[in-house]
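> below is the sequence, then the predicted model.
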Amino acid sequence: MKRQQEKFTALYCRLSQDDGREGESNSIVNQKEYLMKYAKEHGFPNPKFYVDDGYTGTNFDRPSFKEMSADIEKGLVKTVIVKDYCAIIGLNQKDLENQGILA
């Protein structure tokens, strides 16, 4: 009998502008550290990073977001963790309040 592949925990990081730093931006480095620590402390297995550094959150045309979405559709991802909702949708709290999404 074929053993079922264990699903992984998607850790999604995004920053719309890089900070001019060589390699990953400081914000992405910090997000990765925070998310990995959170996943370990709360027992989320098999973490996998999806990182869109330098991509706007105002649309979903982001390489790692698309990869993560495809992995979710394939049933490979059990949980998605982000540092805050802005990583996914690119709106800040004031934008969401103005649209009546948050109070």
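Structure received.
> helices of this protein, residue ranges please.
For the chain, applying DSSP state H gives helices covering 26-41, 63-73, 86-89, 93-98.
> for the closest residue to residue 8 other than its chain neighbours, phi and psi?
With C-beta to C-beta, 6 or more residues apart in numbering as the criterion, residue 8 has its nearest non-adjacent residue at 3.8 Å, and that residue is residue 46. (Glycine included, C-beta is placed from N, CA and C.) Residue 46 adopts backbone torsions of phi 50, psi 60, taken as degrees, to the nearest 10.
> list the contacts of residue 46.
If you count contacts by C-beta atoms under 8 Å, 6 or more residues apart in numbering, residue 46 has them with 6-9.
> that one and residue 6, how far apart?
6 Å (C-beta to C-beta, to the nearest Å).
> now residue 42
Taking C-beta to C-beta as the measure, residue 42 falls 17 Å from residue 6.
> likewise residue 41?
Taken as C-beta to C-beta, the span from residue 41 to residue 6 is 19 Å.
> before we move on, what about residue 53?
According to C-beta to C-beta, residue 53 stands 28 Å off from residue 6.
> neighbour count: the two, which is higher?
More crowded of residue 53 and residue 6, by other C-beta atoms under 10 Å: residue 53, with 21 against 9.
> so the more buried one touches residue 31, yeah?
No - under the criterion of C-beta atoms under 8 Å, residue 53 is not in contact with residue 31, lying 9.7 Å apart.
> okay, and the common contacts of those two?
Listed as contacting both residue 53 and residue 31 by C-beta under 8 Å, 6+ apart are 13, 15.
> any weak-confidence spans in this protein?
Along the chain, the parts satisfying pLDDT under 70 run over 1-4, 17-24, 85-103.
> same thing but at 50, please
1-2, 19, 91, 96, 99, 101-103 (pLDDT under 50).
> leaving out the residues flanking it, which one is nearest to residue 69?
Residue 69 sits nearest to residue 60 (C-beta to C-beta, 6+ apart), 7.7 Å away.
> count the residues that sit near the one you found.
Counted with other C-beta under 10 Å, residues neighbouring residue 60 total 12.
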